[in-house]
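J.: take a look and give me a structure for this.
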Amino acid sequence: MSADSPLVASRAVILAAGRGSRLGLFTRRLPKPLLPVGGRPMIERSLECLAAAGLERATVVVGHLGPEIEARLGDSYEGIELDYVRSDRYRTTNDIYSLWLAREHLSGDTLLLQPDVVYDRRVLDALAEAPADASLIAVARHLPEFDGTVVSIGSGGRVTRMFYGVDQGDGFDYRDKFKTMNIYLFRDAFLRESFVPALDRFVAQEGRTDVCFETVLDEPVRSGRHPIHAVDCTELPWYEIDTHEDRRAAERVLTPARDRLDAVAAEHGGFWRHDLTDHRLPTNQHFPPPAFLDELGADLPALVTQYPVGQARLTEIAASAFDLDPDHLVVANGSSPLIKSLVGRQGLRVGVVVPTFNEYENATPAGRLVRFELPADSFQLDVEAFAHRCRETGVELAVVVNPNNPTSIAVPAEELRWLAASLAGHRCRLLVDESFLDFCSEPEAVSVAAEVASHPGLIVLKSVSKVYGVGGIRLGYVLSSDPDLLAALRDDLPIWDVNAFAEQFMRLLPRYQLEFEESCRTVRRERDALVRSLREVDGVEVFPAEANYVFLKLPEGVSARTLTEELLLEHSLLAKDCGGKSMPEGDGFIRIGSRTEEENARFVEAFAAALRRVSAGPALAL
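T.: Residues are numbered from 1 along each chain as shown. Take a look at the predicted model:
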């Protein structure tokens, strides 16, 4: 709203008396309006928006820990003069009672807000720019994570029906509904002639103090005597906060654009909660099939409430699921704890081919890591050169990820067998990570898992989560024929390391072996098509791909960081920039996870557009 625009309202009323009980211990010590979101209390965020919109006076209704709110805000905040109304019945009443206490302040065009809504100042701009002859409700398209009152909207934006929580039973149709954002602009005539008299009737005459104030709006909305119009703010940042999960979601929504990529990436997962398509974490998009998930779901009550089996029995189940020798097997809650146990062993010198999966470097103790850089022109591993580097530096555990991450390039099994034999003569083990091996064009020509029995110095690790598309279950295993190593790994794990969902997944998996094999064939076809499409984009170098992701080099001068920011902010696509990898000029490379055919096609189109934009001028202005 520009400086010469009309004020959105003459005053605001903020209902800040509630206890915020769903936030638990936190709001027993601090009033909910002072809950920080992104480092600043929610009510201060709201007042700053109101001040920027030109508001000069506000009334705050306080109750739970009210003196703390008054002490924090004082008599004025950011130029807004503050009045306080104190509720002594906030423990037993709803917000309708708080608003009734403030009824003398409901005159002139008035903004009514809840303090647990954080929003962008442009929401107030949208209200100020709406028609001045109707009261207004800020609304947003309903999403599954929302609860509370929703509305239906008729012609001209008029609200035609309000649906409170009790109206939204099983089967309620949200498709054409909008969530109220708890930001209202009530016109003076509506307040005098309709709302305040009805509010007084509800509370003073009928004693209905246990309902939300929005209940008072039902009759005006139905009758249409004082039209209430909806202002659609779906595209603007906002969030209503009732739980700590809401608080985290609000911080994501309100994070400045320049920081959004870092904020999302720092979560290391859970990307499905964001409105984006994840090409960053590569998983099998075609497994498990719906029937498999239905079988898992059928046992949900038992899987949630009952203990899983212990480590010994779990090993037998895993051996059957993956057709492995139980005497050579250790199963864990994902591959990460196994990696830490293997490379983090006291005093062990570890040799790692780089660039590769960062966990191997991160888990190796300081001063014990030896890096072997792949040539930047091909990223192909020269096993003889690697063996020589390991020997001359005294490496005791050499690590090869096959196919490699992020390069997607595989090493033939015969070369790895030679490497294992060569290193064994120098008291050095070889750890081969085969987490993405099933996506290779010829997995049997790459895997060395069958060699474990005849090579005591060979260790094979696999992350089940990635290839089987069950990242949320967390499951991985190690194969070795060294009984001492296996015993040491098992000693590092608790008896109930693997959860009941993972256990049940392995019990059911043999029934779906054919579907799994077909899913891998589909992944290969779609990955190969993605490679072909990316090679048609001018200026990029696409490397051969054997995993379910594609590694490519960007044109000279194009930053992977800038490009991935562009993809996220403009296209809601998440990709992996390789600036954090141990490699020269990593910011010139990105990794793209292959998803479905349709999603890959959309990515290539967006990628080409983003590349043109960042190549044409300065870095994206954030």
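
J.: ok, longest strand in this protein?
T.: Longest strand in the chain by number of residues (criterion: DSSP state E): strand 178-186.

J.: where does the stretch 1-150 of the chain dip in pLDDT?
T.: Within the stretch 1-150 of the chain, the stretches with pLDDT under 70 are 1-7, 26.

J.: let me redo that: the stretch 351-500 of the chain
T.: Within the stretch 351-500 of the chain, not a single segment meets pLDDT under 70.

J.: strands of that one, start to end?
T.: 369-373, 397-401, 429-433, 458-463, 476-479 (DSSP state E, counting those that start in this stretch).

J.: distance of residue 85 relative to residue 66?
T.: Residue 85 sits 10 Å away from residue 66, going by C-beta to C-beta, to the nearest Å. Quick note: C-beta positions are derived from backbone N, CA and C, even for glycine.

J.: and stretch 532-545, which residues are buried?
T.: 533-534, 537, 540, 542-545 (16 or more other C-beta atoms under 10 Å).

J.: list the buried ones in the helix or strand that residue 249 is a member of?
T.: Assigned by DSSP states H and E, residue 249 belongs to helix 244-254. With burial defined by 16+ other C-beta under 10 Å, the residues of helix 244-254 counted as buried are 246-254.

J.: now do the helices in the stretch 501-622 of the chain.
T.: 513-534, 560-571, 597-616 (DSSP state H, counting those that start in this stretch).

J.: residue 269: which of the ones you listed is closest?
T.: Across the helices of the stretch 501-622 of the chain, residue 269 has its closest neighbour in helix 560-571 (15.8 Å, C-beta to C-beta).

J.: if I pick the closest residue to residue 600 other than its chain neighbours, what's in contact with it?
T.: Closest residue to residue 600 apart from its sequence neighbours, by C-beta to C-beta, 6 or more residues apart in numbering: residue 530 at 4.5 Å. For residue 530, the contacting residues are 545, 550, 592, 594, 600, 603-604, by C-beta atoms under 8 Å, 6 or more residues apart in numbering.

J.: per-residue pLDDT of residue 530, please?
T.: You'll see residue 530 listed with a pLDDT of 98.

J.: how far away is it from residue 520?
T.: Residue 530 is 15 Å from residue 520, by C-beta to C-beta.

J.: swap in residue 130?
T.: To residue 520, residue 130 is 54 Å away according to C-beta to C-beta.

J.: circling back: among the helices of the stretch 501-622 of the chain, which is the most enclosed?
T.: helix 560-571 (a mean of 21; mean count of other C-beta atoms under 10 Å).

J.: quick one: mean pLDDT over that helix.
T.: 91.

J.: and that helix, how far out from the chain middle?
T.: Between the centre of helix 560-571 and the centre of its chain there are 17 Å (C-alpha atoms, centre = their mean, to the nearest Å).

J.: now the angle between helix 597-616 and that helix, please.
T.: 120 degrees (axes from the mean of the first three to the mean of the last three C-alpha atoms, to 10 degrees).

J.: who's in contact with helix 560-571?
T.: Contacts for helix 560-571 (C-beta under 8 Å, 6+ apart): 257, 260-261, 264, 276, 554, 573-579, 586-590, 606-607, 609-611, 613-614, 619-620, 622.
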